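**Q** need coordinates for the following:
(2 chains)
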Amino acid sequence: EPEVTQTPSHQVTQMGQEVILRCVPISNHLYFYWYRQILGQKVEFLVSFYNNEISEKSEIFDDQFSVERPDGSNFTLKIRSTKLEDSAMYFCASSLYGGSGANVLTFGAGSRLTVL
Amino acid sequence: QKEVEQDPGPLSVPEGAIVSLNCTYSNSAFQYFMWYRQYSRKGPELLMYTYSSGNKEDGRFTAQVDKSSKYISLFIRDSQPSDSATYLCAQGTGANSKLTFGKGITLSVRP
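**A** Next comes the predicted model:
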């Protein structure tokens, strides 16, 4: 069964450092997403991406965050200068369609980011 | 507020029990509701979704939406130890499949 692959599974970084989290979405999917889950809290939407541009972003997704699809297969989330509160599990997801919310999002296993 | 609230857990039941998991939502503008299951060290996996009110059944699982009370429920019949996981309710709240999740409830089914 096709799956969304995320790397690294766990990254530890110092506050102020740049971090890039990588994702390989399902090959025929067109919509890509990042969500995050701080320990003990809800899974929160960060950003959606379609046709090489951001289609929607949350208030969490400030200027410290950026996303990119550098080639035909990878989808990355960059955090420019990490803060302690960026420590969370980051989930990448993809879907074949966009639309009104009934579409199946397939999630990756997540990348755990620990900022010291 | 565009929140989805979920009953706190954890929940522990014996094998074979009927499990009822519940959420409430505040935003009536969007009518797609999902249940995701998340095993340890894995990402959320879509279990079921429903649109608007009513029931949807898939094997041992039934998803129910009550628009009048803004209540979402998931029923698991004949629960199995393999059902032990965290269950997340979610509402489709955006034009691009943006999801708003509940906090999740951890279910443990004892053999």
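
**Q** alpha carbons only for contacts and neighbour counts from here, please
**A** OK.

**Q** can you map out the strands along the chain?
**A** Using chain A here. A:5-7, A:10-13, A:19-24, A:31-37, A:43-50, A:53-57, A:65-68, A:75-79, A:88-95, A:106-107, A:111-115 (DSSP state E).

**Q** um, chain B though
**A** Counting by DSSP E, the strands of chain B are B:4-6, B:11-14, B:19-25, B:32-38, B:45-51, B:54-58, B:61-66, B:71-76, B:85-92, B:99-101, B:105-110.

**Q** for A:Gly98, grab the count of nearby residues.
**A** The local packing of A:Gly98 (other C-alpha atoms under 10 Å in any protein chain shown) involves 23 other residues.

**Q** sorry, slip of the keys, the one I care about is B:Ser82.
**A** For B:Ser82, the neighbour count with other C-alpha under 10 Å is 12.

**Q** which residues are in contact with it?
**A** B:Val109 (C-alpha atoms under 8 Å, 6 or more residues apart in numbering or on different chains).

**Q** beta-bridge partners for the closest residue to B:Pro81 other than its chain neighbours, please?
**A** Excluding its sequence neighbours, the residue lying closest to B:Pro81 (C-alpha to C-alpha, 6 or more residues apart in numbering or on different chains) is B:Val109, at 4.7 Å. Assessed by DSSP bridges, B:Val109 has beta-bridge partners B:Val13.

**Q** sketch out the low-pLDDT regions of chain A for me.
**A** A:99-103 (pLDDT under 70).

**Q** just want the most central residue of it.
**A** A:Trp34 (2.8 Å; C-alpha atoms, centre = their mean).
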